[in-house]
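Participant: Pasting a predicted model and its sequence here:
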Amino acid sequence: MEAGSPVASNAPYSTLFYVGLSALIALAVGITVYNVVIRSKQGFTSSGSQKKSEGFQGPTNGVSDISCGQESAEAVAISDLFTTKKSTTGEGQRDLLEFKVILSKLCCIKHDLVSTAQVVQATMYIPYNTTHDRENPADTVARCFTKSIPPRDLEISFDTWKKRAMVLLSRLCTSYNITDAESARIKNSFDALWMDVYSIAQGACTPPLKAPAYGSPRDPKPFLPETLEDLGPYKGYY
């Protein structure tokens, strides 16, 4: 009995040691699981590199607060510039919101027009605004797919977006204390975006200049009776 007494006296210490070791192991496992879950939600692989989604057109959102921003580096640059500024007027934030909607419209129109799917997808979620829209942007893209927008109507729509954007930009430069150099850079970036999308729309939305010579057999065609084929030009009076 006396020989076994030292073992009994050390039993509480060994129990505390194993309890503490178990707690440390559980803590390490918990931290590891937490990091794996968080990194998977943020889109990172186990090697630490960010996951890239596959696809021909890329995501509609995710590049910036501009919808379809991946279609235009100019639009993202403009948005990033205003992010670093602060409005000094009460109307500045509302004007900036509308200006970003115009940027999103142009980017999403390009996104849908260059898509191989040829469906109204990105512009479906762009809001209609009577201040700068002639029609719903989704309807405009749908008409582009059928090539049923006359060149004059297309020009009016794009001209309305540009004129409204220039008005907003002039007010934003005052509200956000934009320097002359920054203002010129923003205008040049917007012009580049606008011209890029407009040139794409001109090729995708307008009907061909000349209809094909022969269509369906049921299409109306000119007809000249045989009794009139040998007659000369008429030179009389009505």
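Facilitator: Alright, I've got the coordinates.
Participant: from the middle of its chain, how far away would stretch 76-85 be?
Facilitator: Here stretch 76-85 is found 16 Å from its chain centre; the criterion is Cα atoms, centre = their mean, to the nearest Å.
Participant: I'd like the average pLDDT over that stretch.
Facilitator: Average pLDDT, stretch 76-85: 88.
Participant: List the buried residues of it.
Facilitator: Of the residues in stretch 76-85, Val76, Ile78, Ser79, Phe82 count as buried by neighbour count, 16 or more other Cβ atoms under 10 Å. For every residue, glycine as well, the C-beta is placed using N, CA and C.
Participant: thought the third one was touching Ser67?
Facilitator: Read that as Ser79. No. Between Ser79 and Ser67 there is no contact under Cβ atoms under 8 Å: 10.7 Å.
Participant: so what's Ser175 up against?
Facilitator: Counting by Cβ atoms under 8 Å, 6 or more residues apart in numbering, Ser175 touches Ser87, Thr88, Thr89, Glu91, Gly92, Asp95, Leu96.
Participant: Out of the residues you listed, list just those in helices.
Facilitator: Within the contacts of Ser175, residues falling in helices by DSSP state H are Gly92, Asp95, Leu96.
Participant: In JSON lines: those residues, plus distance to Phe158.
Facilitator: JSON lines is the format used below for these (distance: Cβ to Cβ, whole Å):
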{"residue": "Gly92", "distance to Phe158": "26"}
{"residue": "Asp95", "distance to Phe158": "20"}
{"residue": "Leu96", "distance to Phe158": "21"}
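Participant: List just the nearest of these to Arg171.
Facilitator: Asp95 (5.3 Å; Cβ to Cβ).
Participant: okay, now that closest one: neighbour count?
Facilitator: By the criterion of other Cβ atoms under 10 Å, Asp95 has 20 neighbours.
Participant: do you know how far the most centrally placed residue in the chain is from Ser22?
Facilitator: A centroid search over the chain (Cα atoms, centre = their mean) returns Cys68, at 1.1 Å, as the residue closest to the centre. In this view, Cys68 and Ser22 are 52 Å apart by Cβ to Cβ, to the nearest Å.
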